[in-house]
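Undergrad: build me a structure from this.
(one chain, ligands or ions: 2)
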Amino acid sequence: MSVGMKSVTDRLRDSGLLRTQGLIGGKWIDAYDGKTLEVHNPATGEVIANVSCMGGKETKDAISSAFDAFNSWSKLTAAERSKGLRKWYDLLMAHKEELGQLITLEQGKPLKEAVGEVDYGAKFIEFYAEEAKRVYGEIIPATLPDRRLFVLKQPVGVAGAITPWNFPLAMITRKVGPALACGCTVVVKPSEFTPLTALAAAELALQAGIPPGVVNVVMGNAPDIGDALLTSPQVRKITFTGSTAVGKKLMAGAAGTVKKVSLELGGNAPCIVFDDADLNVAVNGALAAKFRNSGQTCVCANRVLVQEGIYEKFADAFSKAVKNLKVGDGFGEGVVQVETFVEDAVSKGAKVLLGGRRHSLGMTFYEPTVLSNVKSEMLVSREEVFGPVAPLLCFKTEEEAIHMANDTNAGLAAYIFTNNLQRTWRVSEALEYGLVGVNEGLISTEVAPFGGVKQSGLGREGSKYGMDEFLEELHLFITDATNLNDLLL
Ligand SMILES: NC(=O)c1ccc[n+]([C@@H]2O[C@H](COP(=O)([O-])OP(=O)(O)OC[C@H]3O[C@@H](n4cnc5c(N)ncnc54)[C@H](O)[C@@H]3O)[C@@H](O)[C@H]2O)c1
Ligand SMILES: O=CCCC(=O)O
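TA: Ligands and ions are numbered 1, 2, ... in the order given. Reported below is the predicted structural model:
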């Protein structure tokens with residue numbers, strides 16, 4: 001174990017944030033059969049911790065705890081729930097550095113980006129602490145004078161939240177924040193690669209006074225945990241972030257008990273650079289959109305489509321910018337690029353402008369790579385690469401760019417770089433995507449809706465729209481009974 005890692009884990013242990021057991025009904029619990037699973041530092045392969053490896057039985061108990069807690073949590077006033085969330089936010093921020101270190105340790109992203117994720121993740125809790133107080137109903141004009149029609153917003157119930165490894169904190173807070181704000185309780189299943197951040201966040205939720213059973217965490221055997229969540233009639237909502245393949249399975253599984261489902265799935269984001277774009281803005285924007293989190297975000301630019309007039313200039317400037325990225329252990333000084341894995345290989349026919357190999361650091365590192373002469377039919381254009389590979393494709397006309405951009409089953413994020421205002425509207429509206437960044441590569445924020453169309457998912461997270469995913473509308477129909485009695489006499 002490296003000295004740096006030892007002192008980080010010691011400090012985390014001292015602060016009580018290095019939790020290794022699951023959280024059920026406010027108690028830290030081992031797997032019932034005593035099984036554990038190893039959590040590794042992806043930069044070094046070292047074992048950071050052994051955490052409880054849970055399954056269906058523990059999940060059923062977590063669901064029961066969440067179900068019991070729902071009774072009282074949902075009946076609190078919005079202001080009371082808001083206070084709990086605000087306290088949780090304050091604690092997340094007070095422990096920003098330790099949480100950032102934990103994220104770097106188990107996920108591998110550079111410390112600066114990891115601390116940035118804590119900021120980003122905590123903001124969902126802050127935002128929804130505020131939004132809790134704004135769950136308004138409606139009065140519908142009645143069709144008869146002695147009737148009154150109301151719409152009440154009610155929490156959906158127990159929610160199962162299943163999350164991926166690439167944002168170990170933010171993907172959880174983006175679900176748990178609105179769920180708790182609405183009055184729901186949750187069973188969180190973090191990725192087995194990154195459970196420590198989830199457990200630390202749950203510890204802080206307890207410290208914030210969020211009552212036992214409101215937030216539960218189980219991790220271990222994903223299909224068993226998933227099955228228990230899907231088949232339980234007490235779980236009324238499944239909220240998932242992860243791959244499209246797993247999302248489809250969960251959607252099918254949720255049909256058995258007809259649960260409300262929201263899915264944040266994979267993307268295949270086009271980044272379209274038009275001839276009229278500002279070259280520097282386009283290079284910097286594409287760099288940010290492509291290489292954030294080593295290319296491992298669902299909204300990362302997956303294909304860079306460049307118009308023929310600017311193609312050579314862009315390819316040259318972009319390759320130079322990518323060459324300056326530094327690859328290394330996330331705890332390294334000034335590291336801005338850490339790779340954990342690459343799912344796809346360089347396809348035949350494309351020219352390697354930069355990189356194209358595993359990095360000499362070994363482990364999960366891959367050289368930041370730029371490919372030119374890439375075609376739409378190549379695997380690197382069709383699949384979500386989820387790694388630091390930027391394929392450059394050339395197009396002639398706006399229509400061709402739109403066709404190429406939409407020629408995929410995915411529809412999460414898209415980026416366009418142009419200085420033509422009319423084109424901005426035209427292209428944005430023609431793109432089949434849930435998020436469009438114009439002259440901007442970083443578009444995620446807690447205040448705006450995040451989500452995809454087509455096979456990139458269902459529903460929205462973040463913003464006021466994120467609340468709708470955890471609410472049901474109750475239509476309350478009231479008749480003036482006095483009047484009714486008169487009629488019956
Ligand atoms: N749209 C978004 O907001 C968004 C955000 C982050 C990541 N993603 C996507 O997530 C993927 C990368 O994350 P990943 O590799 O962790 O995804 P993944 O689908 O492999 O795993 C996600 C989660 O699902 C769990 N899981 C796997 N099989 C399961 C099953 N049968 N039942 C229940 N749970 C199961 C995993 O243990 C993990 O917790 C990429 O495709 C990325 O685009 C999407
Ligand atoms: O990986 C996808 C989520 C990252 C984000 O919220 O921008």
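
Undergrad: give me the element the residue most central in space within the chain is part of.
TA: The chain has M171 as the residue nearest its centroid, 3.6 Å off, counting by CA atoms, centre = their mean. Assignment of secondary structure by DSSP states H and E places M171 within helix 170-182.

Undergrad: give me the distance between the helix or strand just after that helix and the centre of its chain.
TA: Once the chain leaves helix 170-182, the next helix or strand it forms, by DSSP H and E, is strand 185-189. Put simply, strand 185-189 sits 15 Å off its chain's centre (CA atoms, centre = their mean, to the nearest Å).

Undergrad: and G356, its phi and psi?
TA: phi 90, psi 10 (degrees, to the nearest 10).

Undergrad: can you get me a residue count around it?
TA: Close neighbours of G356, defined as other CB atoms under 10 Å, add up to 17. No exception for glycine: its C-beta is placed from N, CA and C like everyone else's.

Undergrad: ok, it touching S372?
TA: No - here G356 does not reach S372: they are 11.4 Å apart, not a contact under CB atoms under 8 Å.

Undergrad: what separation do you get for V258 and G226?
TA: 17 Å (CB to CB, to the nearest Å).

Undergrad: ignore what I typed, I meant N293.
TA: Applying CB to CB, the value for N293 to G226 is 25 Å.

Undergrad: between these two, who's got more neighbours?
TA: Neighbour tally, N293 and G226, criterion other CB under 10 Å: the higher count belongs to N293, 24 against 21.

Undergrad: quick check: the more buried one is in a strand.
TA: No - assessed by DSSP: H, G, I helix; E, B strand; the rest coil, N293 does not belong to a strand; its assignment is helix.

Undergrad: now it: closest residue in space, sequence neighbours ignored.
TA: Excluding the flanking residues, the one nearest N293 by CB to CB, 6 or more residues apart in numbering is K109, at 5.5 Å.

Undergrad: in a strand, the one you found, correct?
TA: No - applying three-state DSSP, one finds K109 to be coil, outside a strand.

Undergrad: next, count neighbours for it.
TA: K109 has 27 neighbours, counted by other CB under 10 Å.

Undergrad: please apply the same query to the one 3 residues further on.
TA: Residue crowding around K112 was assessed by other CB under 10 Å; the count is 14.

Undergrad: how about D90?
TA: D90 is flanked by 16 other residues according to other CB under 10 Å.

Undergrad: could you say which helix or strand holds it?
TA: Using DSSP H and E, the element containing D90 is helix 78-94.

Undergrad: please compute how far the helix or strand containing K320 lies from its chain's middle.
TA: According to DSSP H and E, K320 maps onto helix 308-323. Here helix 308-323 shows a centroid-to-chain-centroid distance of 30 Å under the convention CA atoms, centre = their mean.

Undergrad: stretch 371-384 now?
TA: So, by CA atoms, centre = their mean, the centroid of stretch 371-384 is 25 Å from its chain's centroid.

Undergrad: does any bit of it sit next to ligand 2?
TA: No - against ligand 2, stretch 371-384 shows no contacts by CB under 6 Å from any ligand atom, the least distance being 10.5 Å.

Undergrad: give me the secondary structure label for L105.
TA: Per three-state DSSP, L105 ends up helix.

Undergrad: residue contacts, it?
TA: Going by CB atoms under 8 Å, 6 or more residues apart in numbering, L105 touches M5, V8, T9, N41, I48, L196.

Undergrad: for ligand 1, state which of those residues is nearest.
TA: Proximity of the contacts of L105 to ligand 1 (CB to the nearest ligand atom) peaks at L196, which lies at 13.6 Å.

Undergrad: pLDDT score for H40?
TA: Looking at H40, its pLDDT is 96.

Undergrad: which residue packs closest to it, ignoring adjacent ones?
TA: Computed as CB to CB, 6+ apart, the closest residue to H40 that is not its neighbour in sequence is V47, at 6.0 Å.

Undergrad: likewise for I478?
TA: Closest residue to I478 apart from its sequence neighbours, by CB to CB, 6+ apart: R148 at 4.5 Å.

Undergrad: ok, and the most crowded of the contacts of L105?
TA: In terms of neighbours by other CB under 10 Å, the contacts of L105 top out with L196 at 27 neighbours.

Undergrad: does ligand 1 sit close to whichever strand or helix holds it?
TA: L196 belongs to helix 195-207 when elements are defined using DSSP H and E. No - figure legend: helix 195-207 not in contact with ligand 1 (CB under 6 Å from any ligand atom); closest approach 9.0 Å.

Undergrad: also stretch 110-128?
TA: No - Stretch 110-128 does not reach ligand 1 (CB under 6 Å from any ligand atom); its nearest approach is 11.7 Å.

Undergrad: check the average confidence over that stretch, would you?
TA: Here the average pLDDT along stretch 110-128 is 97.

Undergrad: for that stretch, the distance to its chain's centre please.
TA: 12 Å.

Undergrad: fine, thanks again, bye for now.
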